[in-house]
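[1] could you look at this predicted model? Sequence included:
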Amino acid sequence: MKKVFASSRLPGDALSRLAEHCELDTWESDSPVPPAVLRDRLQACEGLLCLLTNRIDADLVAACTRLRFVSSMSVGVDHVDLDALTRRGIPLGNTPGVLVDTTADLTLALMLAAARRIPEADRFVREGRWDPAAPWHPNMFVGRDLAGATLGIVGLGAIGQAVARRAAGFGMHLLGWNRSPREVRGVQVLAFNELLAESDFLSVNVALTPDTRNLLGRDAIARMKPGAVLVNTARGGIVDEQALAEALVAGRLFAAGVDVFGREPVEPDNPLLGLSNVVLAPHIGSASQRTRERMAALAVDNLVAALNGDPMPQCVNPEVYGSL
Ligand code: DGY
């Protein structure tokens, strides 16, 4: 029987289903498996089920000579050296589609929370700063409306389109930009710099690739419409956190909602941590019970297919199957 290493326990019955098809070795701790241990445990394995917290780099791929297939419980695969896998003919599975609505929901949640200053207001109430002498004031916690504002969507893939559908329900005007030309109903597609200049809210919904790394760098942030709100639920490496923090401190941008960071967990000196006009979350875009179970199930479907000698239903590098 083939052997698979699962770098985490998974929600639902996904792993018990996988165990019916292979000899399964599971990392039981909630902390990521240390790289040296991962390398060691993979020596005996044909398959790997990993998370985005496991770095699957070229050295690891070279060192694991038995490895034949990899499935990541994530849609993003920037933690994996895809070329190294493809060169060895190793298929990489991922979990697109099933997390679209959940991630789009969080994007809107962060937009609303940042625009209406909800975490700031929550702290104000809890900390007893709500002054009986001034219980309501026209200037208290004023924020920004979504209705009538323009939303620029950076990346018009499935999640970007789901964000657009939700934002349309809030009465927003929709602009978009995509790396390859794409038409989306109700979304006016603009050149990148135009999108930056026109958007009251900017939502980052592209995958992290060499092309999108630092896409929202210092120059792009400087081009954003004054007073705009930036929300990132994609990947940290796409936005320059230092430049974003400076723009927020200077009042050039009104607020930001950030679910993903260049380094996760954020380091204590991350410049965004001290800013009251930033809403932060610890990479929870897909974190609903149902979606996590569906991601786990799809990650296992990919492995079961590979164990049976079939192509993975969701494969990032289908070219490894040649003319199958
Ligand atoms: C992914 O799957 O890539 C997400 O970032 C996890 O929510």
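    Here it is on my side, so go on.
[2] in which helix or strand does the closest residue to the ligand within the stretch 101-250 of the chain reside?
    Nearest to the ligand in the stretch 101-250 of the chain, going by C-beta to the nearest ligand atom, is Thr103, at a distance of 6.5 Å. (C-beta placed from N, C-alpha, C; glycine too.) Here Thr103, judged by DSSP states H and E, is contained in helix 100-115.
[3] sorry, back to before: how about the residue of the stretch 101-250 of the chain closest to the ligand, nearest residue that isn't a chain neighbour?
    Gly285 (4.0 Å; C-beta to C-beta, 6 or more residues apart in numbering).
[4] which ones are touching that neighbour?
    Leu99, Thr102, Thr103, Leu106, Thr107, Thr233, Asp259, Val260 (C-beta atoms under 8 Å, 6 or more residues apart in numbering).
[5] tell me how many other residues surround the fifth one.
    With neighbours defined by other C-beta atoms under 10 Å, the count for Thr107 comes to 29.
[6] what about stretch 299-316, distance to the chain center?
    From the chain centre to the centre of stretch 299-316 is a distance of 23 Å (C-alpha atoms, centre = their mean, to the nearest Å).
[7] pull out the buried positions in it.
    299-307, 312, 314-316 (16 or more other C-beta atoms under 10 Å).
[8] end-to-end on that stretch?
    One end of stretch 299-316 sits 12 Å from the other (C-alpha to C-alpha, to the nearest Å).
[9] any idea which helix or strand carries His283?
    Residue-wise, His283 maps onto no helix or strand under DSSP H and E.
[10] only the buried residues of the helix or strand that the helix holding Thr103 is followed by, if you could.
    As assigned by DSSP H and E, the chain's next helix or strand after helix 100-115 is helix 118-126. For helix 118-126, burial by neighbour count (16+ other C-beta under 10 Å) applies to Ile118, Pro119, Glu120, Phe124.
[11] from the residues you listed, which single one is nearest Phe254?
    Of all the buried residues of helix 118-126, Glu120 has the smallest distance to Phe254: 12.2 Å, by C-beta to C-beta.
[12] identify the residue nearest the most centrally placed residue in the chain in space, chain neighbours excluded?
    Centroid-nearest residue in the chain: Ala234, 3.6 Å away (criterion: C-alpha atoms, centre = their mean). Closest residue to Ala234 apart from its sequence neighbours, by C-beta to C-beta, 6+ apart: Val204 at 4.7 Å.
[13] any buried residues in stretch 316-324, and which?
    Val316, Asn317, Val320.
[14] pLDDT added to the residues you listed, as JSON lines?
    Formatted as JSON lines, the buried residues of stretch 316-324 follow (pLDDT from 0 to 100):
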{"residue": "Val316", "pLDDT": "98"}
{"residue": "Asn317", "pLDDT": "98"}
{"residue": "Val320", "pLDDT": "98"}
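[15] between these, which is nearest Thr86?
    When the buried residues of stretch 316-324 are compared against Thr86 (criterion: C-beta to C-beta), the nearest one is Asn317, at 4.7 Å.
[16] would you mind measuring from that closest one to Asp83?
    Note on Asn317: its distance to Asp83, by C-beta to C-beta, to the nearest Å, is 9 Å.
[17] sorry, back to before: and the two most separated of the contacts of Gly285?
    For the contacts of Gly285, and using C-beta to C-beta, no pair is farther apart than Thr102 and Val260, which are 14.4 Å apart.
[18] can you give me the helices for this structure?
    Assigned by DSSP state H, the chain shows helices spanning 14-19, 35-42, 58-63, 82-87, 100-115, 118-126, 158-169, 192-198, 218-223, 241-249, 289-307.
[19] what is the last one packed up against?
    Okay, so that is helix 289-307. In terms of contacts (3 or more C-beta pairs under 8 Å, 6 or more residues apart in numbering; DSSP states H and E), helix 289-307 is packed against helix 14-19, strand 47-50, strand 69-72, strand 92-93, helix 100-115.
[20] 10 Å instead?
    strand 3-6, helix 14-19, strand 47-50, strand 69-72, strand 92-93, helix 100-115 (3 or more C-beta pairs under 10 Å, 6 or more residues apart in numbering; DSSP states H and E).
[21] can you add mean pLDDT and distance to Pro271 and give those back as JSON lines?
    Below are those laid out as JSON lines (pLDDT from 0 to 100; distance: least, C-beta to C-beta, whole Å):
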{"stretch": "strand 3-6", "mean pLDDT": "98", "distance to Pro271": "36"}
{"stretch": "helix 14-19", "mean pLDDT": "98", "distance to Pro271": "38"}
{"stretch": "strand 47-50", "mean pLDDT": "98", "distance to Pro271": "31"}
{"stretch": "strand 69-72", "mean pLDDT": "98", "distance to Pro271": "30"}
{"stretch": "strand 92-93", "mean pLDDT": "98", "distance to Pro271": "34"}
{"stretch": "helix 100-115", "mean pLDDT": "98", "distance to Pro271": "17"}
